[in-house]
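*Asks:* quick check, what structure comes out for this input:
(2 chains)
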Amino acid sequence: MGLQMDGTQDNRQAATGPREATKVVTGKEAGADKGKSGKGKEGKESKEAVQAITPQAVDFSRWYLDVIQKADLMDYAPVRGCIVFKPEGYALWEACQAGLDRRFKETGHRNAYFPTLIPASFLEKEKEHVEGFNPELPWVTEAGGEKLEEPLALRPTSETIIGSMYAQWIHSYRDLPVLINQWANVFRWEKRTLPFLRTTEFLWQEGHTAHATEEEARAETMRMLGVYTDFVQNDLAIPVFRGQKTPSEKFAGAVETYSIEAMMKDGKAVQAGTSHYLGTNFAESFGIRFLDQDNQLRPVHTTSWGASTRLLGCIVMVHGDDRGLVLPPKIAPTQVVIIPILGAQEREAVLNAAHQLYDQLRAAGVRVKLDDREGFRPGWKFNEYEMRGVPLRIEVGPRDLAAGVVTVGRRDTLEKGQLALNAVTTGVKAMLEEVQANLFRKAQQFQAEHTSDAETLADLEQLLETKGGFVLAGWCGEAACEAKVKEQTKATSRNMPLEIPGHLSVHPHAHCLVCGRPAIHQVWFARAY
RNA sequence: CGGGGUGUAGCGCAGUUUGGUAGCGCGUCUGCUUUGGGAGCAGAAGGUCCGCGGUUCAAGUCCGCGCACCCCGACCA
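*Replies:* Numbers count the residues shown, from 1 in each chain, chains lettered A, B, ... in the order given. Predicted coordinates for the structure are as follows:
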């Protein structure tokens, strides 16, 4: 279909200006001579400094904070550790909800909603569970000016309250399985917060299922881990390592916890989704029993699984670059933005063509936006939509129309090319798929390049210093050895992988990296958010 | 929760050392000229100087106590 991409990047460099000039320029140096004479070169540089994003290489966490604010995803709320999801950011969450919810429904789950307030006595029923969550629980102790008889916690997760309800709902094997999910907000009073990745209140989904047998519950646990893997890799274009959490990292109250771990562009890990086999722990604590076919009363086996707005942080930190956000087409609220070039000539023709393209693409199911605002120059719009991560940009101007084409810019590669006017829809759809695939490929390549294996603690330390990322090593299973790794390297065990990447799987590590005794597990170690 | 830093117009920052009429750039508004990678000129508006308390004739500036954000550590989806 006549796609030609020619890297039109030369002028872009000039537009951005020297990288050095765009960084901090904290006025400490720049502001001093900003008097009335400070025009010309001074003025120009400061203008770019204001709008630029701190480059990743200069300060990754500054970059992250710049991007999420300049892409208009969030704002800080008046309460410490809390953020507002602005429409641009919330739209991303809605896209995650849509992708996940569809998969949950396809696997037989239904949505319900349980209360935010959880009686203190409920949390206390599962010993490990209370101990795990107590340090980060906010409490309601007073209402209407009177002290409550029993304090109510703002839920950090809902196993207990759901367990108490399941105990009332489940009596017979005929009532099983129960497959329920809820979309909710939860609270965890973390000491240190970071927008999207760790906030005091966050949004998530938590699935809670009850089954007649261990086998079935375990299958459910793995099936949902698969659902997360599918969604995160295919829709968010983020490659992940699946695996089982070590006992010290597992969910408080679970028998086994599984996770998918994603790698950010600074090499740090983020747990992008988690699935627990809870055994009969909550069933015993809450008395969730059913009469089985053999007329025996048995506890149910439960699972729970969750993914949160933390995913938004992953999207930003896996795909973003120095120009801002880069969104995978499948979840981009706007997939294509059309920017008409409105000069003095041919205004009518250009606008008509732009509107026609808009209608065409919309009819074809593409999430398209037409920005025909006057008073913003095309170049300004180019930069703006790149910062916001829109996957494709279509430029329509007099020159394009004369040639019977439109100019298309790709956010992921920053290349520009042409599409014939009569083939825009098919061309755009193909390109959206290419962008999606390319983002995954690039992330996968990055992941592979920052993945290694270590025989000893010294190896691990060395690798973390030099190339960062994930390091696979053997482990004897002793918590003390795991703790030693953390203490010495600041890297934590991420999970014990279900599958090991090709270039590392040649020789499973036979010995524990710390004590040298026989290894009974392979473990991913990484510094983590 | 400990150590360090920051808080002044929508945004980015000077001004705080040595107390004395609130500043600059970008953005915003108006007008004209512009429009293929963050346009130019002219004019204008815009401030509880994070909050509370104190010292002083006078506090953005000095003192005390809070709060928020950022960075670094101990705890975590």
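*Asks:* from now on I want contacts and neighbour counts done on CA atoms only, so please keep to that.
*Replies:* Will do.
*Asks:* leaving out the residues flanking it, which one is nearest to residue A:123?
*Replies:* Distance criterion Cα to Cα, 6 or more residues apart in numbering; nearest residue to residue A:123, sequence neighbours excluded, is residue A:130 at 5.6 Å.
*Asks:* can you classify that neighbour as helix, strand or coil?
*Replies:* Reduced to three states with DSSP: H, G, I helix; E, B strand; the rest coil, the structure at residue A:130 is helix.
*Asks:* list the contacts for it?
*Replies:* Under the criterion of Cα atoms under 8 Å, 6 or more residues apart in numbering, the neighbours of residue A:130 are A:123-124, A:252.
*Asks:* just the buried ones from those, in PyMOL syntax?
*Replies:* The PyMOL command for the buried members of the contacts of residue A:130 (criterion: 16 or more other Cα atoms under 10 Å) is given here:
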select buried, chain A and resi 123+252
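*Asks:* so which of the contacts of residue A:130 is the closest to residue A:279?
*Replies:* The shortest distance between residue A:279 and any of the contacts of residue A:130, using Cα to Cα, involves residue A:252 and amounts to 12.4 Å.
*Asks:* doesn't the closest one belong to a helix?
*Replies:* No - note on residue A:252: no helix contains this position according to three-state DSSP, which reports coil.
*Asks:* got the contact list for it?
*Replies:* Contacts here follow Cα under 8 Å, 6+ apart; on that basis residue A:252 touches A:128-133.
*Asks:* follow-up on the earlier one: I'd like to know which of the contacts of residue A:130 is nearest to residue A:305.
*Replies:* Where the contacts of residue A:130 are concerned, and distances follow Cα to Cα, residue A:305 has its nearest neighbour in residue A:252, at 13.0 Å.
*Asks:* what's the distance between the closest one and RNA strand B?
*Replies:* Relative to RNA strand B, residue A:252 is positioned 8 Å away (Cα to the nearest atom of the strand, to the nearest Å).
*Asks:* get me the contact residues on the stretch 201-350 of chain A for RNA strand B.
*Replies:* Contacts of the stretch 201-350 of chain A with RNA strand B, taken as Cα under 7 Å from any atom of the strand, map to A:201-202, A:249-251, A:271-274, A:308-310, A:341-344.
*Asks:* and the stretch 401-529 of chain A, by the same measure?
*Replies:* Residues of the stretch 401-529 of chain A lying close to RNA strand B by Cα under 7 Å from any atom of the strand are A:401, A:406-407, A:409, A:414, A:416, A:487, A:490, A:528-529.
*Asks:* could you say which helix or strand contains the most centrally placed residue in chain A?
*Replies:* The centre of chain A sits closest to residue A:311, judged by Cα atoms, centre = their mean, with a distance of 2.0 Å. Using DSSP states H and E, residue A:311 sits within helix A:310-319.
*Asks:* can I get that helix as PDB, trimmed to CA atoms?
*Replies:* Written as PDB, here are the backbone C-alpha positions of helix A:310-319 (Å, rounded to 0.1, in the frame of the first residue of the first chain):
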ATOM      1  CA  ARG A 310       0.200   0.300  39.100                       C
ATOM      2  CA  LEU A 311      -0.100  -0.900  35.600                       C
ATOM      3  CA  LEU A 312      -0.200   2.700  34.400                       C
ATOM      4  CA  GLY A 313       3.200   3.300  35.900                       C
ATOM      5  CA  CYS A 314       4.500   0.200  34.100                       C
ATOM      6  CA  ILE A 315       3.100   1.500  30.800                       C
ATOM      7  CA  VAL A 316       4.900   4.800  31.300                       C
ATOM      8  CA  MET A 317       8.200   3.400  32.400                       C
ATOM      9  CA  VAL A 318       8.400   0.500  29.900                       C
ATOM     10  CA  HIS A 319       7.500   2.400  26.700                       C
END
